[in-house]
Structure formats: C-alpha cells, structure tokens
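In: Take this sequence and fold it.
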Amino acid sequence: MILEVLRPEPELLRATAAALRIAYYVASLGAAGLAIFSLGFGTLQDPRDVAAGRQVTLGMVVIGLAASGAWLASQVALASDGDVLDVEIWGVMLTSRPGISVMITWAGLLAIGLATWVGRSAVILGAVGILAVAGSFTAVGHTTQHQPRVLLAAALVVHLLAVAFWAGSLWPLALASKRGGATAARLIEGWARAAGWIVSGLVLAGALLAWLLVGRLDALVTTPYGIALLTKVSLVGVLLGFAAWHRFRLTPALAADAPGAGARLAASIAWETAVMLLVFWAVSEMTSTSPQGEG
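Out: Next up, the predicted model:
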C-alpha cells in the first residue's frame, strides 16, 4: 500500500486494493489462527473465554469473507478501468489464479465458521478449513511463478500455518492474562512450549522461501521486494523479542501471582499485536512486487 502511495502518480484504486489485501490476510489467517488455538488449547481456557473466542472467530470469518470478496472486486475494477460490475471480467477473474485462491479461502472460512458454530465435535471440519485457508495462498503469487513449485508451496503452507497460530493466539492470550490466576498461567505456559516448536518451523520455512524466491543477496537491498522482506524479518525479530520477554519474565510473574503481572502481560501482548499487524503490512508489500525486481 505504501509502495503504491509513494509512486510518482499514485492510484487510489491500487492503494485501496492493497489495503483490502491486508484486511483479507489479517482476517483469514486470524480466523484460522483462532481455530488452531481453540483446537489446541480450548480445554485449558476459562469457559467465558471459550465463548468469547467463538464469537470473535465467527466475526473474523465474516470479515475474511467480505474482505477477500472486496479485494477480488478491486482486481476486477483494476482490470476493467474501474467498472467493478463488468460481467465479462468477473467471469475471467473467477477462473483466474486470484479468483480460485479466493474461492478456496471462502471454502476454508466457511468450514471454520461451521466448525466453530458446532463445537469440538466438528474438529475434522475445522482442521480441513484451516488447511484450506493456508493452502489457498499457494494458488496465487510468487510461489506459482518459481521452481521448485511443490517445495515452495509446502514451505508457504507451513509458514502460513505458523503465522496463523501466532497471530490468532494473541487475543485469547491477552484475555487470559487479564483474568490472571493459575488457569491463565497454565494456558500461557502450555502455549509457550508449543510455540517454541511452531515458531522454529515458521522461521525455517520463511528462510527457505526467501532463499528460493530471492536467489541473491544483493536483491535484498536493491529491490522493493527485498526491502519489504528485510522489513518483515526485522519486525519478526521484534516479535521474537516479545515472545522471549513474555516467556522468561512476564509469564513466570503471572504464575507466581505477582501483583499486576496479568495486566502487564496483557499490555505487552497488545503491543505485540500492533507489531504483528505491521508484519501483515510488510507481507502485503512483498506480494505487490517481484522478488527479482522490475524487468
């Protein structure tokens, strides 16, 4: 979005499409992440937080459906000189890679929504929905244009599942922190143990994607994609700093029932959430340009 605004003659429609893409990513992966959190840690949550989590997940599903549909409409408008109701372009778009990707996202979000509505008895449906949302992004973008295609797609799915897990966990962890007590401490400690392995997968898959897509070190500082990638990596470094601070300082304080520990952890998670949103912005910037630079 910022790359578009900084062009000599920025286009409002392209900037709007970029903003919708960020909303699409945040809501879709956020819904998947909330579902992952519920499947993995729902039994450790306070029942009130479980109910609140279901409502938020359903809300994210609705936002994800709307944002992805609006983003696809913006692509139609871009392809038709602003005519978002161009039926012919819609026909082409729905059978194109962006259209197929969005329709897979819709299927995944609807599966997540239905599984959330039904409850834990629909765990398989929820898992399928989560995989569909992550897999939908392999139908479009840089991984469809480079080789080895299968390895890139697999790395992207692993990376996105880990991102969804992390992003979708922030709100329920903050909620638990505010409540405090032994239940919250057990939940956060259990999540931190799992996160150690999952974040390792996120970093390894991300490094593999960067190596396969960028191909050379100088592209990191000479292309818009490389600069956006370095920005993303820097922001992820900040997130890892938050994670270490929470695990080794704030969570033990919460477990020891130190005065104000829950409020401090919740406030820190709020700042972590802000940085996570910047990561999604950086990813959106990366998808708007080529890993190999222009031309």
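In: wait, isn't V157 in contact with A132?
Out: No: with contact defined as CB atoms under 8 Å, V157 does not reach A132; the gap is 10.5 Å. In this view, the C-beta of every residue, glycine as well, is placed from N, C-alpha and C.
In: Show me how far the helix or strand harbouring G59 is from its chain's centre.
Out: With elements taken from DSSP states H and E, the one containing G59 is helix 47-79. Centroid separation for helix 47-79 versus its chain: 12 Å, with CA atoms, centre = their mean, to the nearest Å.
In: residues contacting R179?
Out: By CB atoms under 8 Å, 6 or more residues apart in numbering, R179 lies in contact with 46, 49, 262.
In: which of these tops the neighbour count?
Out: Among these, the one with the most neighbours (other CB atoms under 10 Å) is G262, at 23 neighbours.
In: Does anything pack onto the helix holding G59? Which helices or strands?
Out: Applying 3 or more CB pairs under 8 Å, 6 or more residues apart in numbering; DSSP states H and E, one finds that helix 47-79 contacts helix 12-41, helix 87-94, helix 97-118, helix 149-179.
In: just checking, what packs against the shortest one?
Out: Going back to what we said before, that points to helix 87-94. Applying 3+ CB pairs under 8 Å, 6+ apart, we find helix 87-94 packed against helix 47-79, helix 97-118.
In: between those, which gets nearest to H246?
Out: Closest approach to H246 among the helices and strands packed on helix 87-94 (CB to CB): helix 47-79, 17.8 Å.
In: orientation of the closest one relative to helix 87-94 in degrees?
Out: Angle between the axes of helix 47-79 and helix 87-94 is 130 degrees (criterion: axes from the mean of the first three to the mean of the last three CA atoms, to 10 degrees).
In: which of the residues in helix 47-79 are buried?
Out: 49-50, 53-54, 56-58, 60-61, 63-65, 67-68, 70-79 (16 or more other CB atoms under 10 Å).
In: again with stretch 181-191
Out: Burial within stretch 181-191, assessed by neighbour count using 16+ other CB under 10 Å, is assigned to 184-185, 187-188, 191.
In: before we move on, what about stretch 217-231?
Out: Applying 16+ other CB under 10 Å to stretch 217-231 flags 219, 223-229, 231 as buried.
In: and what of stretch 232-251?
Out: 232-233, 235-236, 239, 242-243, 246-247, 250-251.
In: so R120 touches G42, yeah?
Out: Yes: counting by CB under 8 Å, G42 is a contact partner of R120 at 7.0 Å.
In: Those two - which one has more neighbours?
Out: A direct count of neighbours by other CB under 10 Å for R120 and G42 places G42 higher, at 19 against 13.
In: how near is the residue nearest to that one when sequence neighbours are not counted to L44?
Out: Spatial nearest neighbour of G42, chain neighbours left out: V50 (5.8 Å); criterion: CB to CB, 6 or more residues apart in numbering. To L44, V50 is 10 Å away according to CB to CB, to the nearest Å.
In: L131 too?
Out: For L131, the distance to L44 - CB to CB - is 23 Å.
In: do the same with L125
Out: For L125, the distance to L44 - CB to CB - is 22 Å.
In: Kindly report the same for G206.
Out: For G206, the distance to L44 - CB to CB - is 28 Å.
In: what comes up buried for stretch 110-125?
Out: Buried, per 16+ other CB under 10 Å, within stretch 110-125: 110-113, 115-116, 122, 125.
In: I should have written stretch 251-258 there, sorry.
Out: 251, 253-255.
In: contacting residues for A263?
Out: Shown in contact with A263 (CB under 8 Å, 6+ apart): 177-178.
In: try 7 Å
Out: By CB atoms under 7 Å, 6 or more residues apart in numbering, the residues touching A263 are K178.
In: I'd like the distance between it and K178.
Out: 7 Å.
In: what do you get for A122?
Out: From A122 to K178 the distance is 29 Å (CB to CB).
In: thinking again about what came up before, distance to A19 and mean pLDDT added to the helices and strands packed on helix 87-94, as CSV?
Out: Output for the helices and strands packed on helix 87-94, formatted as CSV (distance: least, CB to CB, whole Å; pLDDT from 0 to 100):
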stretch, distance to A19, mean pLDDT
helix 47-79, 9, 96
helix 97-118, 16, 97
